[in-house]
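>>> Can you look at this prediction? I've put the sequence above it.
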Amino acid sequence: MLAPAYCQPPKNLNAIRERHAKSRGSASPSESEYRSFVNNVLKAPNEATMLMKAGTKLLKESDESEYLDVYNQAFTAFPKEVGFNNGLSAPQPDYVEGLTRREYDPFPVTEVSGAVLYKDDPYSLTLPHLAGEWKGTGKDMEEGRVQSAYDGAALVYVRGQALDQIGKRDPPGHAAVTTFTTDGTNANFYAHYAAPSKTNKLEYHQYQYATANLVDSYQGFKDGRKGLRNQQDYARRQSKDLRDQLVGYWNEKHPLDDSALEETDACEYDDPDPVPDPNQGLDPDVAGYPVYYNQPTPAASNSPPAAGRASRSRKRKAPAPAPAPQRDPSEPPRRKSGRRR
């Protein structure tokens, strides 16, 4: 990473500055929001408070489920000893945003050195293009600049590794990665790129292209907030454009086999095995035969029921009454019981 005096402006500096100052379609913050921001900044005792109180007023929240922001998380999957980070711990920006690993399917992005930032994390940010550093009020902004240079170099490195996988490179001196630093009072904006030195050694440039005072005036607050949100929009477009290049390259080199597609369709749309008929093989005349609803009524038959078996539809006849006992004619008639008149 080069010292500031040796960092050269990127070739696309004019486009970066125009984009930074571009008007936004959303409404500007109100003066009451500005006064609330200044009050929170002046009273913030540390970086965490500054980030929570000021960051939410400046940054735009993502509305996409697979484009996330992460705070103060080390790049645990970043490779060691790749040149600019020899002997250093992994980058750990206060803020970074980007697409998740899943967004790059079917391209094998895990095979790109450093592209997936976090180990053993299925939702890991992958190939981001924006990082930021926060400092408490009155803290050392130069330290923030150095940290930002390290963050930006890491993002430039992984972008270059991804483009190498598909045989591409950014134009010489082109900056696709940006960072910012702020202590709530001032916000500084940087562009990052890598270029070979005279000895053909890769050098990482960090060029400050804009700055804003966020507390001195309402207009300064609006300009800084607008520039930061435009920076977020640019980073998102860069991430998606790189994703589309990687996925498009993979699909072109690995077209889907038509026979495999037909087999997949068959698996998805073939009728399932028919459900066995629970009535099959059962005698409908046996006792305890279960009742099934919505079953078709069988056609009537003219043939008599089988011998030794009565039809269920025929009613059983009542038994004949027993015959009355016969009186012997030689016996005298019996007198009826009752009172004599």
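Received, thanks. Treat the numbers as computed from the prediction; the structure is a model and nothing was measured.
>>> which residues does the closest residue to residue 99 other than its chain neighbours contact?
Spatial nearest neighbour of residue 99, excluding adjacent residues (CB to CB, 6 or more residues apart in numbering): residue 239 at 5.1 Å. In short, each C-beta sits where N, CA and C put it, glycine included. Residue 239 sits next to 67, 98-99, 127-129 when contact means CB atoms under 8 Å, 6 or more residues apart in numbering.
>>> can I get those in CSV with pLDDT?
Shown next, in CSV, are those (pLDDT from 0 to 100):
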residue, pLDDT
67, 95
98, 97
99, 97
127, 98
128, 98
129, 98
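>>> of these, closest to residue 75?
Distances from residue 75 to these, taken as CB to CB, are shortest for residue 128 (9.9 Å).
>>> A strand includes that closest one, no?
Yes - assessed by DSSP: H, G, I helix; E, B strand; the rest coil, residue 128 belongs to a strand.
>>> Wait, it touches residue 118, no?
No - between residue 128 and residue 118 there is no contact under CB atoms under 8 Å: 11.4 Å.
>>> which one of the two has more residues nearby?
residue 128 (28 against 18; other CB atoms under 10 Å).
>>> List the contacts of the closest residue to that one other than its chain neighbours.
Distances taken as CB to CB, 6+ apart put residue 98 closest to residue 128, at 2.8 Å, once the chain neighbours are dropped. Contacts for residue 98 (CB under 8 Å, 6+ apart) come out as 67-68, 125-130, 235, 239.
>>> Buried ones in the top helix by length along the chain, by neighbour count?
If you go by DSSP state H, the chain has its longest helix at helix 218-253. Under the neighbour-count criterion of 16 or more other CB atoms under 10 Å, helix 218-253 has 218, 220-228, 230-232, 234-236, 238-240, 242-243, 245-247, 250 buried.
>>> Kindly report the same for stretch 135-144.
Neighbour counts using 16+ other CB under 10 Å place 135-137, 141, 144 of stretch 135-144 among the buried residues.
>>> Give me the contact list for it.
Here stretch 135-144 makes contact (CB under 8 Å, 6+ apart) with 41-42, 44-47, 49-50, 133-134, 181-186, 188.
>>> if you set the cut-off to 10 Å instead, what comes out?
Contacts to stretch 135-144, defined as CB atoms under 10 Å, 6 or more residues apart in numbering, come from residues 4, 41-51, 54, 94, 132-134, 145-148, 179-186, 188, 215.
>>> Can you pull out the low-pLDDT segments for the stretch 101-250 of the chain?
138 (pLDDT under 70).
>>> Just the helices from it, written as ranges.
141-165, 218-253 (DSSP state H, counting those that start in this stretch).
>>> I'd like to know which of those helices lies nearest to residue 106.
Taking CB to CB as the criterion, helix 218-253 is the member of those that comes nearest to residue 106, at 5.8 Å.
>>> quick one, whichever strand or helix holds residue 52 and helix 141-165 angle?
Using DSSP states H and E, residue 52 sits within helix 47-58. Angle of helix 47-58 versus helix 141-165, following axes from the mean of the first three to the mean of the last three CA atoms, to 10 degrees, is 60 degrees.
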